[in-house]
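> This is a predicted model, with the sequence first.
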Amino acid sequence: MRFGVLRFPGSCDDLDALHAARRVGDAQLIWHAERDLRGADAIVVPGGFSYGDYLRAGAIARFAPAMESVIELAREGGLVLGICNGFQVLCEARLLPGALLPNANLRFTCRQVTLEVANAQTPFTRACSAAERLSIPAKHSWGRYYADRPTLAAIEDAGQVLLRYAPGANFNGSLHDIAGVCNERGNVFGLMPHPEHAVEQLTGGSADGLKIFESMRLAVEGALA
Amino acid sequence: MLIRPKAGILDPQGEAVQRALPALGFQGVSDVHIGRLIELEVQEPDQLGAMCEKLLANPLVEDYEVELLAG
């Protein structure tokens, strides 16, 4: 199992994502200007402030050369995980439905949040049990998930909402308490909270985030087997 | 280009300003929405719409208007 972790100018969670990926498989960094994903089975688009987040969060990063290859990989069914700014990039690239807007309280907020697994039958959540609760940190200013009403209905019906903020934990005003959503095919997933910061009990206070990476390993190795 | 949040989408910036104005004594203010203005000098103005669709606005959440000023 080989992960590729993108690095844009302004990425800041790429090394934690690399560390998290290496807990379950091989992983290497891929600079945004490269087109060669070097045989990665799965790509992580990490958090941070890609290209300074100018204009809108993720708006410019989606046009990076590496993103063209990521879009191609996604089209071929490869796994793509976007975390925080990476989620914003995947929405801007239209690989995921909806958009991320400024938090309803207009504040940058950093806190440990409790999430509920809404669909445990996917390549990103299969290491979780149904309705399991995960404790994972979130830290962002632009995390309010928005999609128009028909889109919300469609993603709910199709089971594309994989993670929700637990009751009382939706600090950013996301519609339907959505913390993480996947595409229709189920091979592209984005979430605002940071599983890569919760992979070591010692420093994260919880290793629940590892389950996302472990799920991806199971999915890829199951497909290769 | 004038880019504004689509009607019906929560605009917390606009709401914050709407709450601040009465505190300064300005009464009768309702429905404040905050967007942004992008000024460009262009050779081919017929590309402006495509620029908005592709990069300058996010059509899922924003409306845009193009105003041409002869240079």
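Yep, it's here.
> How much space separates the closest residue in space to B:Arg4 that isn't next to it in sequence from B:Lys6?
Of all residues not flanking B:Arg4 in the chain, B:Gly35 sits nearest, at 3.3 Å (Cβ to Cβ, 6 or more residues apart in numbering or on different chains). In short, each C-beta sits where N, CA and C put it, glycine included. The gap separating B:Gly35 from B:Lys6 is 10 Å, by Cβ to Cβ, to the nearest Å.
> Find the residues that touch each one of these two.
Taking Cβ atoms under 8 Å, 6 or more residues apart in numbering or on different chains as the criterion, B:Gly35 and B:Lys6 both touch B:Glu62.
> Flag the shaky bits of chain A, pLDDT-wise.
A:225 (pLDDT under 70).
> need the strands for it, in chain order.
Taking DSSP state E, the strands of chain A run over residues A:2-7, A:26-31, A:42-45, A:79-83, A:99-101, A:109-117, A:133-140, A:144-146, A:161-165, A:178-182, A:188-191.
> right, so of those strands, which gets closest to chain B?
strand A:99-101 (4.9 Å; Cβ to the nearest Cβ).
> Does chain B have contacts with the closest one?
Yes. Judged by Cβ under 8 Å from any Cβ of the partner chain, strand A:99-101 comes into contact with chain B through A:99, A:101.
> Output the contacting helices and strands for that strand.
helix A:85-92, strand A:144-146 (3 or more Cβ pairs under 8 Å, 6 or more residues apart in numbering or on different chains; DSSP states H and E).
> still on that earlier bit, any idea how far A:Phe3 is from the residue nearest to B:Arg4?
As for B:Gly35, its distance to A:Phe3 is 39 Å (criterion: Cβ to Cβ).
> So between the two, which is more surrounded?
Neighbours were tallied for B:Gly35 and for A:Phe3 using other Cβ atoms under 10 Å in any protein chain shown; the higher tally belongs to A:Phe3 (27 against 17).
> distance of the more buried one from A:Ile212?
Where A:Ile212 is concerned, A:Phe3 sits at a distance of 12 Å (Cβ to Cβ).
> Quick check: residues of chain A near chain B?
Contacts of chain A with chain B, taken as Cβ under 8 Å from any Cβ, map to A:55-56, A:59-60, A:63, A:92, A:98-99, A:101-106, A:144, A:146-148, A:173.
> same thing but 10 Å
A:55-56, A:58-60, A:62-63, A:91-92, A:94, A:97-107, A:144, A:146-149, A:151, A:173, A:175 (Cβ under 10 Å from any Cβ of the partner chain).
> check contacts around residue 31.
Just so you know, I chose chain A. A:6-9, A:64-66 (Cβ atoms under 10 Å, 6 or more residues apart in numbering or on different chains).
> right idea, wrong chain: chain B
B:7, B:11, B:14-15, B:18.
> Reformat those as TSV; add neighbour count.
Below are the contacts of B:Asp31 laid out as TSV (neighbours: other Cβ atoms under 10 Å in any protein chain shown):
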residue	neighbour count
B:Ala7	9
B:Asp11	21
B:Gly14	16
B:Glu15	16
B:Gln18	16
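> Of those, which are in range of chain A?
Within the contacts of B:Asp31, those near chain A by Cβ under 10 Å from any Cβ are B:11, B:15.
> In TSV, list the contacts of B:Asp31 along with distance to B:Val66 and secondary structure.
Output for the contacts of B:Asp31, formatted as TSV (distance: Cβ to Cβ, whole Å; DSSP: H, G, I helix; E, B strand; the rest coil):
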residue	distance to B:Val66	secondary structure
B:Ala7	19	coil
B:Asp11	22	coil
B:Gly14	22	helix
B:Glu15	27	helix
B:Gln18	27	helix
